[in-house]
Structure formats: structure tokens, C-alpha cells
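Chemist: Take this sequence and fold it.
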Amino acid sequence: MIKSKVLDYEQFLDDKLRPDLRRLLENRDELYNDIAEYNKLSVAIDTIKKASCENGVLRTQMDLGCNVFCQAEVPDTSMIMVSVGFGFFVEMTLDEAQQFISEKVEHLTKKTDVLSSNIAKVKAHIKVVLEGLREIQKLGKYEDDEHSDRN
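Modeler: Numbers count the residues shown, from 1 in each chain. Predicted coordinates for the structure are as follows:
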């Protein structure tokens, strides 16, 4: 009886709780990467604003691949294409893009907070199940000791 309960708890732990925890951690890490990308874009927009003050022209270097660079000139830096999700890009002014980025980062941060809360709940469930396993195994040893004393 006790062995079957131990197996049930171990199976629940291995088949449900740990995969759920892994999935939640992966989703949160993905959101953190998205936040980092948007923050990089915000910094790049600031750099574009500072670098293209004169005539709205930006001189830069482009990576052609394998660390081979060439000189490039961007004639109009007033607009930028921003990924808004699901593979869609929207052309925005630099100020609109920064506003969008701040709102998007705020939204993603709220989602990471929810995921972090769910991660804490799953970790707590894992801890409870492990503690339950320890208690069941102690009872099993106690019952085994009683049976051996009677015989």
C-alpha cells in the first residue's frame, strides 16, 4: 500500500510538476530575452537620435557576415520598423517607437511577474510532495519495524 502511494507521488512529481516547472522557466526566460531585445532597440534609437542630428543622415558600418563590414549611409532616420509581434512590423517615428517599447516592456514585465508567481507555486508544490514522500517513507519504515518485532 505504502509503496504504491510512493510510486504515485513520484510519478506525479516526474510527470506533472517538474515538466510544468521546466516549461514555466523556459517561458519566463523567453520573455526576459524579449525584454532585453526591446531595451537594446531603445538604446539603439537613442544612439540614432544623437548620431543623426545633422541633416538626418546616419553614417554607420554594416556587418555583411563573418565579421566583414562595409560603410553605409542611412539617408532618412526619422522612421524605424519595429516588430510588434506575430511576425508583423510597423513603421514608426523614433518617438513613437520608444513609447511603444516602454509600453511593451511594461506589459512583458507584468507577464514575467505572473510567471514568477506561478513558478513559486509549482516549486512549493514540489516541496510539499517531496515532504509527503519523506513522511510516507518514514511510516513505511516504522510499519516494517513493527512487523519485524512481532515476528
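Chemist: tell me which strands and helices the longest helix along the chain is in contact with?
Modeler: Scanning the chain for the helix with the most residues, using DSSP state H, yields helix 94-150. Judged by 3 or more CB pairs under 8 Å, 6 or more residues apart in numbering; DSSP states H and E, the packing partners of helix 94-150 are helix 2-12, helix 18-51, strand 79-85. Where you see a C-beta, it was placed from the backbone N, CA and C, and this is true even at glycine.
Chemist: distance between the last one and the chain's centre?
Modeler: The chain centroid and the centroid of strand 79-85 are separated by 21 Å, computed with CA atoms, centre = their mean, to the nearest Å.
Chemist: What of stretch 126-144?
Modeler: For stretch 126-144, the distance to the chain centre is 34 Å (CA atoms, centre = their mean).
Chemist: Could you list the low-confidence segments of this structure?
Modeler: 53-56, 140-151 (pLDDT under 70).
Chemist: returning to what we had before: let me have the helices and strands packed on helix 94-150 in JSON lines, extended by distance to residue 60 and mean neighbour count.
Modeler: Listed next are the helices and strands packed on helix 94-150 as JSON lines, based on distance: least, CB to CB, whole Å; neighbours: other CB atoms under 10 Å:
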{"stretch": "helix 2-12", "distance to residue 60": "56", "mean neighbour count": "12"}
{"stretch": "helix 18-51", "distance to residue 60": "8", "mean neighbour count": "14"}
{"stretch": "strand 79-85", "distance to residue 60": "14", "mean neighbour count": "13"}
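Chemist: Would you mind saying which of the ones you listed lies nearest residue 134?
Modeler: When the helices and strands packed on helix 94-150 are compared by CB to CB, helix 2-12 sits nearest residue 134, at 10.2 Å.
Chemist: other SSEs contacting that closest one?
Modeler: Looks like helix 2-12 contacts helix 94-150 (3+ CB pairs under 8 Å, 6+ apart).
Chemist: chain center to the helix it packs on, what's the gap?
Modeler: 16 Å.
Chemist: next one: stretch 67-76
Modeler: Using CA atoms, centre = their mean, the offset of stretch 67-76 from its chain centre is 33 Å.
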